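*Asks:* Any chance you could fold what I've pasted below:
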Amino acid sequence: MPANDDFLREFFVDCQNAMRHRSETEYKLLNLFMILNAAIISVVIGVDEFVTDNVKFIGVTFSMVAFLTFITILVHNKIKAEHEIYEKLGQQVVKIWEYFELFKKGAYIDNDMILDEEARNYGKGKGYLRTLHILWGMTIITDTILIIFGIIKLASI
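*Replies:* Numbers count the residues shown, from 1 in each chain. From the prediction side, this is the model:
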């Protein structure tokens, strides 16, 4: 198949849009997760007001800890999967840049190149790891709060 510059330009735009979608998905999941953490704590506090049996309350509390941890694992796996696709799309973009000789000195600018060698790592950033750290940090804090609630109830038995 002969090279088609127009196709590559359109494909480049498609890759950029797909990468943006992956990044937005990560942020949307994190935002929903923040809301879920607050809701779980609110539910446990609400359950404390209505459930007089401390054993049942402890059961609810530790069930919420297990539920939150399970949801965290699912969100973690989804973010990692989205990042793997993001990396592959980034490498497609690098191939397009190579085709247009953006790494070649003198191709467009005398004795200079448009992109430096570091740009070959496009899409391979570690920003998603920060998101995962935030995700697990929130889970650990929320789980700790819930466990403390359970321990307080256990101590009052």
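*Asks:* Please name every helix or strand in contact with the helix or strand of the chain with the lowest mean pLDDT.
*Replies:* Considering only helices and strands, the least confidently modelled element of the chain by mean pLDDT, DSSP states H and E is helix 5-50, at a mean of 92. With contacts taken as 3 or more C-beta pairs under 8 Å, 6 or more residues apart in numbering; DSSP states H and E, helix 5-50 sits against helix 54-99, helix 127-155. In short, each C-beta sits where N, CA and C put it, glycine included.
*Asks:* what's near enough to touch the residue lying closest to residue 92 once chain neighbours are set aside?
*Replies:* In space, and not counting its chain neighbours, residue 92 is closest to residue 15: 5.2 Å by C-beta to C-beta, 6 or more residues apart in numbering. Contacts of residue 15 were listed using C-beta atoms under 8 Å, 6 or more residues apart in numbering, and they are 89, 90, 92, 93, 96.
*Asks:* What subset of the residues you listed is buried?
*Replies:* Among the contacts of residue 15, those buried by neighbour count (16 or more other C-beta atoms under 10 Å) are 89, 90, 92, 93.
*Asks:* JSON lines for these, including distance to residue 58?
*Replies:* Below are the buried ones among the contacts of residue 15 laid out as JSON lines (distance: C-beta to C-beta, whole Å):
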{"residue": "89", "distance to residue 58": "47"}
{"residue": "90", "distance to residue 58": "47"}
{"residue": "92", "distance to residue 58": "52"}
{"residue": "93", "distance to residue 58": "52"}
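*Asks:* still on that earlier bit, roughly how far apart are the residue nearest to residue 92 and residue 83?
*Replies:* Using C-beta to C-beta, to the nearest Å, one gets 15 Å for the distance from residue 15 to residue 83.
*Asks:* Got phi/psi on residue 116?
*Replies:* Summarising the backbone geometry of residue 116 under the convention degrees, to the nearest 10, its torsions are phi -90, psi 170.
*Asks:* Share the number of residues neighbouring it, please.
*Replies:* Residue 116 is flanked by 10 other residues according to other C-beta atoms under 10 Å.
*Asks:* where in the protein is pLDDT low?
*Replies:* Filtered on pLDDT under 70, the chain yields the residue ranges 1-4.
*Asks:* repeat that with 50
*Replies:* 1 (pLDDT under 50).
*Asks:* Am I right that residue 82 is in contact with residue 24?
*Replies:* No - the pair residue 82 / residue 24 is not scored as a contact, 9.7 Å apart, by C-beta atoms under 8 Å.
*Asks:* higher neighbour count, those two?
*Replies:* A direct count of neighbours by other C-beta under 10 Å for residue 82 and residue 24 places residue 82 higher, at 19 against 11.
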